[in-house]
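Trainee: turn this into a model:
(chains A and B)
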Amino acid sequence: MIGPLPILEPSSGAASPRYEQGMNFAAVLKETQGGREDLPAPPDFDGPPRDLAERARRALYEVADPELPISVLDLGLLAGIAADEETGAVTVSLTYTSTACPCMDFIQWDIRERLLEENEIQSVTIDTVWDPPWTTARISERGREILGSFGVAT
Amino acid sequence: MTQSSDASFKSTADLPDSVGQPLGALLLSLADNKRLLGIRYADWILGAPTVEAGIACSAMAQDEWGHARIFYSMLKDFGYDPAALEHERPASEYHNSEILDADVSSWPELLALNFLWDTAISVQVEMLVDSRFEPIHYKVRKLLDEERFHFDHAHGWISRMMATEDARAALRDALGAAWNACLCWFGPENDDVVGALSDAGVVSGGSETARSRWLERVGRFASELDLAEGSEGAWTSAREVDWSDWSRERRRRTEGGPDEDSLARARGDRNRSLLMD
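Mentor: Numbers count the residues shown, from 1 in each chain, chains lettered A, B, ... in the order given. Predicted structure coming up:
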């Protein structure tokens, strides 16, 4: 559970609040960690990951959607993933269930945090894509079963 | 035409100035109109005739703000500073329609925005689906998926209200007051700026095409309210378009811009002290 939200002051030294740096959700999100404890276990993988991109993709089974008890992977938010084996740089292409998804920043934060726990991953870039558009058809079979067990129709 | 018909513009760097400048202006107009329309929807979250309509207004407001953010963020590549666009402009630099400048006082007026104005914006966005400017092409389909529900909402309510004489009279006044602004928004016939976008394949059609497509959507109800005439597939406005005080640059009539309260909400003035670094 998240306790009362902290009162957040504009950063010291800045003449005015700065928008261009984006929001830092660290104070709020430390406790969510993508809700990992509540997520179903990842599926059984067939052997070790064959490359860094696959390693990163598997890790996303441990990142929950902030509103549903399902991983971002089962929800179908992952549009693409690429990795540079030498530099450990991972680029994730993500889409969202709606253009006004209020959780975009949370999801990105959780994904970045989780991927950087992998020793082989040194940096994470997350791109937002809207094509192909997300629809419920992007939810995996496993995801449908999980959501069904929580009474969410897909 | 310097490009072959199947070539696409991968980024703003590929766009000739004659296309880049008006395309940036179009995106800014779309962004501002969606931001202000979102505020108008939000005004009715608690005051709509039914709880369900209020919830729908909430969802539509959120959609419009999501779409506005997408368009504002795209403007970075057109030489704008998106943060400044979103949070720091005076009212005189907004490019939203005058019919969104202040709150509307009745549900029929809100439906006029929902049915006529929201549809006008979506028609213009639809004309970007096949855009040869790839960054747009890859963004608008999702947005239009969401807009279908806005049209369904408006359509359902208007159908329902057409059934009683009093409600129909209120709709006639409300849609009549918004009618001219919608007709103007697509631009004058043979407008060379819109024409440049159309010729470059960035927008799939000029101002007349857009206006006709809009009339196809709204014509049947509008004809029942004496605003349009003709028949299915061939609706025209029953009123002459009044172009007085029309600003091509801002795609709106009259000076000014959002009123003080709307501006504060559009820019997030009251939220500034809460923004985290």
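Trainee: pick out the residue of chain A closest to chain B.
Mentor: Nearest residue of chain A to chain B (Cβ to the nearest Cβ) works out as A:Ala100 at 2.7 Å. In short, each C-beta sits where N, CA and C put it, glycine included.
Trainee: could you look up the SS state of that residue?
Mentor: Following DSSP: H, G, I helix; E, B strand; the rest coil, A:Ala100 is assigned to coil.
Trainee: that one contacts B:Met60, correct?
Mentor: No. Applying Cβ atoms under 8 Å as the test, A:Ala100 and B:Met60 come out as separate, 9.7 Å apart.
Trainee: hang on, the earlier thing: torsion angles phi and psi at the closest residue to the residue of chain A closest to chain B other than its chain neighbours?
Mentor: Distances taken as Cβ to Cβ, 6 or more residues apart in numbering or on different chains put B:Gly66 closest to A:Ala100, at 2.7 Å, once the chain neighbours are dropped. Main-chain torsions, B:Gly66, degrees, to the nearest 10: phi -60, psi -40.
Trainee: likewise for B:Glu232?
Mentor: Taking degrees, to the nearest 10 as the convention, B:Glu232 sits at phi -50, psi 130.
Trainee: over to A:Asp84?
Mentor: Phi and psi for A:Asp84, reported as degrees, to the nearest 10, are phi -100, psi 110.
Trainee: and it, what does it touch?
Mentor: A:Leu52, A:Val90 (Cβ atoms under 8 Å, 6 or more residues apart in numbering or on different chains).
Trainee: name the SS class of B:Glu189, please.
Mentor: Under three-state DSSP, the three-state class of B:Glu189 is coil.
Trainee: okay, helices next: where are they in the stretch 1-150 of chain B?
Mentor: Here the stretch 1-150 of chain B has its helices, by DSSP state H, counting those that start in this stretch, at B:17-43, B:51-74, B:82-87, B:107-112, B:118-126, B:134-137, B:140-161.
Trainee: nope, chain A is what I was after
Mentor: A:26-29, A:52-59, A:72-75, A:104-115, A:141-149 (DSSP state H).
Trainee: what does the second one contact?
Mentor: What it means is helix A:52-59. A:42, A:45, A:49, A:73, A:78, A:81-85, A:88, A:90, A:92, A:114-115, A:117-118, A:120-121.
Trainee: select only the buried ones of these in PyMOL?
Mentor: For the buried members of the contacts of helix A:52-59, the matching PyMOL selection, counting by 16 or more other Cβ atoms under 10 Å in any protein chain shown, is:
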select buried, chain A and resi 73+78+81+83+88+90+92+114+115+118+121
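Trainee: so which of the contacts of helix A:52-59 sit within strands?
Mentor: Residues of those located in strands (DSSP state E): A:Leu78, A:Ile81, A:Ala82, A:Ala83, A:Asp84, A:Val90, A:Val92.
Trainee: so who does the last one touch?
Mentor: Right, A:Val92. Per Cβ under 8 Å, 6+ apart, neighbours of A:Val92: A:Ala56, A:Leu60, A:Leu78, A:Gly80, A:Ile81, A:Ile111, A:Leu115, A:Val124, A:Thr125, A:Ile126, A:Asp127.
Trainee: what bridges to it?
Mentor: A:Ile81, A:Ile126 (DSSP bridges).
Trainee: show me which of the contacts of A:Val92 are buried.
Mentor: Among the contacts of A:Val92, those scoring as buried are A:Ala56, A:Leu60, A:Leu78, A:Ile81, A:Ile111, A:Leu115, A:Val124, A:Ile126 (criterion: 16+ other Cβ under 10 Å).
Trainee: pLDDT value on the fifth one, please?
Mentor: Meaning A:Ile111. On pLDDT, A:Ile111 comes in at 94.
Trainee: please determine how far the nearest residue to it once chain neighbours are set aside is located from A:Asp51.
Mentor: Distances taken as Cβ to Cβ, 6+ apart put A:Val63 closest to A:Ile111, at 5.3 Å, once the chain neighbours are dropped. Here A:Val63 is placed at a distance of 20 Å from A:Asp51 (Cβ to Cβ, to the nearest Å).
Trainee: then B:Ala178?
Mentor: Distance from B:Ala178 to A:Asp51, by Cβ to Cβ: 56 Å.
Trainee: show me which of these two is the more surrounded one.
Mentor: Neighbour count, other Cβ atoms under 10 Å in any protein chain shown: between B:Ala178 and A:Asp51, B:Ala178 has more, with 22 against 11.
Trainee: and the host helix or strand of that one, how far from the chain's centre?
Mentor: Here B:Ala178, judged by DSSP states H and E, is contained in helix B:165-185. Centroid displacement of helix B:165-185 relative to its chain, using Cα atoms, centre = their mean, to the nearest Å, is 16 Å.
Trainee: mind listing what's buried in that helix?
Mentor: For helix B:165-185, the neighbour count (16+ other Cβ under 10 Å) marks B:167, B:170-172, B:174-175, B:178-185 as buried.
Trainee: mind listing residues that contact it?
Mentor: For helix B:165-185, using Cβ under 8 Å, 6+ apart, the contacting residues are B:97-99, B:106, B:108-109, B:111-113, B:115-117, B:120, B:124, B:158, B:161-162, B:211, B:214, B:221-222, B:224-227, B:237, B:239, B:241-243, B:246, B:251-253.
Trainee: quick one: buried ones out of those residues?
Mentor: Buried members of the contacts of helix B:165-185, counted by 16+ other Cβ under 10 Å: B:97-99, B:108-109, B:111-113, B:115-117, B:120, B:124, B:158, B:161, B:211, B:214, B:221-222, B:225, B:227, B:237, B:246, B:251-253.
Trainee: ok, residues contacting stretch B:233-244?
Mentor: B:179-180, B:183-184, B:188, B:215-216, B:218-220, B:222-223, B:226-230, B:253.
Trainee: first vs last residue of it, how far apart are they?
Mentor: Using Cα to Cα, to the nearest Å, the end-to-end distance of stretch B:233-244 comes to 29 Å.
Trainee: do stretch B:195-211 as well
Mentor: End-to-end distance for stretch B:195-211, by Cα to Cα: 14 Å.
Trainee: and what of stretch B:197-211?
Mentor: Stretch B:197-211 stretches 16 Å from its first residue to its last (Cα to Cα).
Trainee: likewise stretch B:65-82?
Mentor: Start-to-end, stretch B:65-82 (Cα to Cα) is 14 Å.
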